[in-house]
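J.: Here is a sequence with its predicted model. Questions after.
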Amino acid sequence: MRTTYPTLLPRERSSGVNPSAMAVLGASLICVALFGVQNQPGESRLPFPDTEKLLARVAQHQKESESLRDQYVFTAKVTEYMLDKQGKVKGQHTDVYNMLPTPYEYLARRVSHDGKPVSEEELRKQDKKLYRKMQEDERQAQRKGDSWHAKGEIRLTDVIANSHFTPLRWESIQGTRAIVYALEPKFPSKRAGDLAARVLADTKGKMWISPEEEEIVHAELDNVSSLSVGPLGFVRVKSFHEIFDQQKVRGEIWFPTRIELEAEGRKLIQGFRVRQATEWSDYRKATTEVVQHILSPGIVSGGTVSQPPR
């Protein structure tokens, strides 16, 4: 929630539309859809590894992957569904963004809306604002030496640290053998204080972990009870469900590939029910040359592109 994904309070910011805008629960829990989960013969009889030791290694690998991801640019395809009271889709919109990292956040550059490319004039307006923000963040990081993991952001490493895990069974998911773990809040639910801490203390679900890769493959998360967010608690989230997938990118690094979020609640006196699906692809190292190629010609002229501090 630095406004990151991968992920409860949104971190992506754009000069226009925020691709995480629907995450009224402030959501950067980072999660995605399940494809082809099935048990393999004999897997149900396999013993489970030591949960505490495995989770320690998984958390370390996840922390490393999250740090590396913040050095990459990538493409985000965001589809937002408008739902009726019965949960049926009554409309939808799809936006595609270039995601650009700064020392504090991802900046979103919208390149298309419902399949129609954004005009060159609009792209150039976005790029001027984005590049100015990139420079501001770099100057601030140089002065303060802040870390990337900003206050209020929730990542999967935070979910691991704040949850109690119980192994349930072995399954094969997306061609990877994994253990399905049930997770519950490790600490009592909070009604006041920091939003990130309140969300973490109010989250339960399941997580698919590969013991061989020592990586999170899939997760499904739900709220335990209703949650008030925003100024004076004007937004009350009755329920949310988030699913998340990670895959090995370029045969070496595990990055998020898809996250889906559905939430229901009330904003002031008006009810809402929303669903958003985000797909991440085309991960590339955020070198100056790559960012210059993404932005409009002349925007970076004579300058340097900010890189997340390490």
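T.: Yep, that arrived.

J.: Could you check how far residue 197 is from residue 158?
T.: Look at residue 197 and residue 158: by CB to CB, to the nearest Å, they are 9 Å apart. Glycine gets a C-beta too; all of them are placed from N, C-alpha and C.

J.: If you count surrounding residues, which of the two has more?
T.: Remark: of residue 197 and residue 158, residue 158 carries more neighbours, 24 against 16, as counted by other CB atoms under 10 Å.

J.: mean confidence score for whichever strand or helix holds residue 108?
T.: Using DSSP states H and E, residue 108 falls within strand 106-113. Here strand 106-113 scores 95 as its mean pLDDT.

J.: Neighbouring strands of it in the sheet, and parallel or not?
T.: Strand 106-113 has the following strand partners under DSSP bridges: strand 13-14 (parallel), strand 89-101 (antiparallel), strand 116-117 (antiparallel).

J.: Minimum distance to residue 288: which of these has it?
T.: strand 89-101 (11.8 Å; CB to CB).

J.: So which bits of stretch 164-174 are buried?
T.: 165, 170, 171, 173, 174 (16 or more other CB atoms under 10 Å).

J.: tell me the angle of the helix ranked longest in the chain relative to strand 89-101?
T.: Longest helix of the chain, by residue count under DSSP state H: helix 120-144. Orientation of helix 120-144 against strand 89-101 (axes from the mean of the first three to the mean of the last three CA atoms, to 10 degrees) gives an angle of 50 degrees.

J.: Show me what helix 120-144 is packed up against.
T.: Under the contact definition 3 or more CB pairs under 8 Å, 6 or more residues apart in numbering; DSSP states H and E, helix 120-144 sits against strand 13-14, strand 106-113.

J.: re the thing from before, now the buried residues of stretch 164-174 as TSV including distance to residue 295?
T.: Formatted as TSV, those follow (distance: CB to CB, whole Å):
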residue	distance to residue 295
165	43
170	47
171	43
173	38
174	34
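
J.: re the thing from before, could I get the helices and strands packed on helix 120-144 as JSON lines with mean neighbour count and distance to residue 126?
T.: Below are the helices and strands packed on helix 120-144 laid out as JSON lines (neighbours: other CB atoms under 10 Å; distance: least, CB to CB, whole Å):
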{"stretch": "strand 13-14", "mean neighbour count": "20", "distance to residue 126": "7"}
{"stretch": "strand 106-113", "mean neighbour count": "21", "distance to residue 126": "6"}
